[in-house]
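[1] return a 3D structure for these sequence lines:
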Amino acid sequence: MVETTLKNLQKRGYLPRYFETKEEAADYLNEQIDGKKVAMGGSVTSQELGIFESLGKHNDVYWHWRLDPALQRQKEAECDVYICGINAISQTGEFVNIDGKGNRITTSAYGDCKVYFIAGTNKLTPDLESAIDRAKNVAAPRNAKRFHLKTPCATAEVEKCYDCQVEQRICRMMMVYTWSSSIKNDTEIILIGEELGY
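    Below you'll find the predicted structure:
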């Protein structure tokens, strides 16, 4: 499944890279990114790689979780490099992200920066339909629980999307990446042979 996914991501204009371990992936990112302004979306996978700390030794790094919302938008707009996670990747080469604020969607799709998407192989699915299903029924509920939200997906016994209409709803917008952007031809997908993030 990994090899097919990498080939299909490449056909769709992305630069896929595969690493067996999170340490190898972190080393690669530290080699590639030096002396830059780096913004990071709120990603458990990035946290598990420890790249905020390691990249921060030789870059100016701004993390979504550690910034005031107004400053966050400014830093993401000004960054040279943007790093974020992926909720699900299909074997056919599409991937899906669900956002509450839209920072990841906006910056990764249209920002004037180099983008690195990072995901473990636990995010792989057979097709686009199952990728959307995973994003809605696995990643979103787990992220809602992580934020201690009072949404049905975070509090109910069965972990799934209830398409709730509550103020704390985490699923406010969904982006399906079907091809690389016509203004970005160097977007990298870092796939890691471990279970990482949600």
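
[2] when you work out contacts or count neighbours from here on, use the C-alpha atoms and nothing else.
    OK.

[3] endpoints of stretch 33-49, how far apart?
    As for stretch 33-49, its first-to-last residue distance stands at 15 Å under the measure C-alpha to C-alpha, to the nearest Å.

[4] phi, psi for Cys161 please.
    phi -80, psi 130 (degrees, to the nearest 10).

[5] tell me the confidence at it?
    Looking at Cys161, its pLDDT is 89.

[6] tell me, how many residues neighbour the nearest residue to it once chain neighbours are set aside?
    Using C-alpha to C-alpha, 6 or more residues apart in numbering and skipping residues adjacent in sequence, the residue nearest Cys161 is Asn137, 5.1 Å away. The burial metric for Asn137, expressed as a neighbour count using other C-alpha atoms under 10 Å, is 17.

[7] all numbers from here: first residue = 375
    Sure, I'll start counting at 375 from here, so that last one is Asn511.

[8] surely Asn511 and Val532 touch.
    No - taking contacts as C-alpha atoms under 8 Å, Asn511 lies outside contact range of Val532: 9.9 Å.

[9] sorry, back to before: checking the residue nearest to Cys535 next. Helix, strand or coil?
    Recorded secondary structure, Asn511: helix (DSSP: H, G, I helix; E, B strand; the rest coil).

[10] show me the shaky parts of the chain.
    Within the chain, the ranges that satisfy pLDDT under 70 run 439-441.

[11] all helices for it, in order.
    Chain-ordered helices for the chain, with DSSP state H as the definition, fall at 376-385, 396-406, 418-423, 425-429, 443-452, 477-484, 502-508, 514-520, 526-529.

[12] just want the most central residue of the protein.
    For the chain, the residue sitting closest to the mean C-alpha position, by C-alpha atoms, centre = their mean, is Gly459 at 1.6 Å.

[13] ok, now which ones touch that one?
    Shown in contact with Gly459 (C-alpha atoms under 8 Å, 6 or more residues apart in numbering): 415-420, 491-493.
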